[in-house]
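K.L.:
here's my sequence, what's the structure:
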Amino acid sequence: MSNVKKTILNSSGTDPNKILPMKYKWAREHYKKGVANNWTPEEVNMQKDLETWKNPNILSEDERRLIIWNMGFFSTAESLTANNIVLAIYRHITNPECRQYLLRQAYEEAVHTDTFIYCCDTLSIAPDEVYNMYMTIPSIKAKDDFVVDMTKSIFDVNFKTDSNENIQRFVHDLVCYYIFMEGIFFYAGFVMMLSFLRQNKMTGVGEQFQYILRDESVHLAFGADLVNTIIEENPEIWTAEFKAKITENIKRSVQLEYEYAKDCLPRGILGLNAEAIHEYIKYIADRRLERIHLPKVYNAKNPFEWMSEIADLKKEKNFFETRVTEYKQGGMLSWD
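P.N.:
So this is what the prediction gives:
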């Protein structure tokens, strides 16, 4: 079979067990970046974090609230994203090189889930306090409910990408999963938690989030390439009405993330406040729109230019030998 016959969807000639020859080299490149970025939470020393967390005089109540709120959202959001990959997306994307990346991403989501188990265990945080927040905290529940509702098509066991209408629905759900969930909903939390790292507070937790951000940068890039390729191969689905719907959904996701930021930062801390986070999320949303070839909405400026440096993780600490080594792919990341 010639590789020119391969398509992302509905390619009857594609053998999902035969990865060579490859057509979508970008999928392979994302896979290799993921492998080069490999890490586990236990590699991060959390001793200073434990000492800080136990000391009632170091962190304010608002700082503790921000940490708990972000752990509460991310701990279940990572499981939600993994379920999307394993139970829905993988079933419809039969292309073998894309499936190889999806398997890698599913592993990374498992590592992220393990990270929050590790953080809760290390800091002796009651797991019920963290893992029930997606049901008990309205701003977290609203984000999770939004994603679940927006991706329900691909979870339908009878759903097939056998028509233009269904391919459009599939792309709609992919955009929600990759662009909204991983590309917008995670980023307020990244700014908040990396602010701790920047100020040398809770550095272990901050580094865990830094590693997660590194992974998510690749997830987002793969998702955008996947969406763009499906549209390129099925241009009839890319209607003006559909584009407008995606743009409106992105506006909704920005508003939900703003509500979450107000919940996390009721009074503002660490040089952060909800309004600055809102501006940042609008800036990020414009980047996401451009990535899938849609016009910007907000023309917002980045109020956290330091994110460019702190998010480009070029080095790792070897805590057993206390030296620094370069990551092979660190300089290739695109955080926004």
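
K.L.:
mean confidence (pLDDT) on the longest helix along the chain, please.
P.N.:
The longest helix of the chain (DSSP state H) is helix 203-233. Per-residue pLDDT over helix 203-233 has a mean of 96.

K.L.:
which elements pack onto that helix?
P.N.:
helix 25-36, helix 47-54, helix 61-84, helix 96-123, helix 164-174, helix 187-198, helix 307-311 (3 or more CB pairs under 8 Å, 6 or more residues apart in numbering; DSSP states H and E). All C-beta spots, glycine's among them, are computed from the backbone N, C-alpha and C.

K.L.:
give me the most central residue, the protein.
P.N.:
For the chain, residue 182 is the residue whose C-alpha lies nearest the centre (CA atoms, centre = their mean; 2.8 Å).

K.L.:
measure it to residue 56 for me?
P.N.:
Computed as CB to CB, to the nearest Å, the residue 182 to residue 56 distance reads 35 Å.

K.L.:
and if you look at residue 236?
P.N.:
For residue 236, the distance to residue 56 - CB to CB - is 61 Å.

K.L.:
what of residue 29?
P.N.:
Distance, residue 29 to residue 56, using CB to CB: 48 Å.

K.L.:
neighbour count for these two, which is higher?
P.N.:
residue 29 (18 against 9; other CB atoms under 10 Å).

K.L.:
past the longest helix of the chain, which element shows up next along the chain?
P.N.:
Next in sequence after helix 203-233, counting helices and strands by DSSP states H and E, comes helix 240-264.

K.L.:
just checking, what packs against that following helix?
P.N.:
helix 61-84, helix 138-150, helix 164-174, helix 187-198, helix 274-291.

K.L.:
could you rerun that using 6 Å?
P.N.:
Secondary-structure packing of helix 240-264 (3 or more CB pairs under 6 Å, 6 or more residues apart in numbering; DSSP states H and E): helix 138-150, helix 274-291.

K.L.:
what's it in contact with?
P.N.:
66, 69, 139, 142-143, 146, 168, 175, 180, 184-185, 188, 274, 277-278, 281-282, 285, 294 (CB atoms under 6 Å, 6 or more residues apart in numbering).

K.L.:
list the buried residues in it.
P.N.:
246-247, 249-250, 253-254, 256-261, 263-264 (16 or more other CB atoms under 10 Å).

K.L.:
now, which of the residues you listed sits nearest residue 40?
P.N.:
Comparing these against residue 40 with CB to CB places residue 264 closest, at 27.1 Å.

K.L.:
below-threshold pLDDT in the chain: ranges please.
P.N.:
Judged by pLDDT under 70, the chain has its weakly predicted residues at 1-5, 12-14, 311-336.

K.L.:
surely the residue nearest to the centre of the chain meets residue 221?
P.N.:
No. Taking contacts as CB atoms under 6 Å, residue 182 lies outside contact range of residue 221: 10.3 Å.
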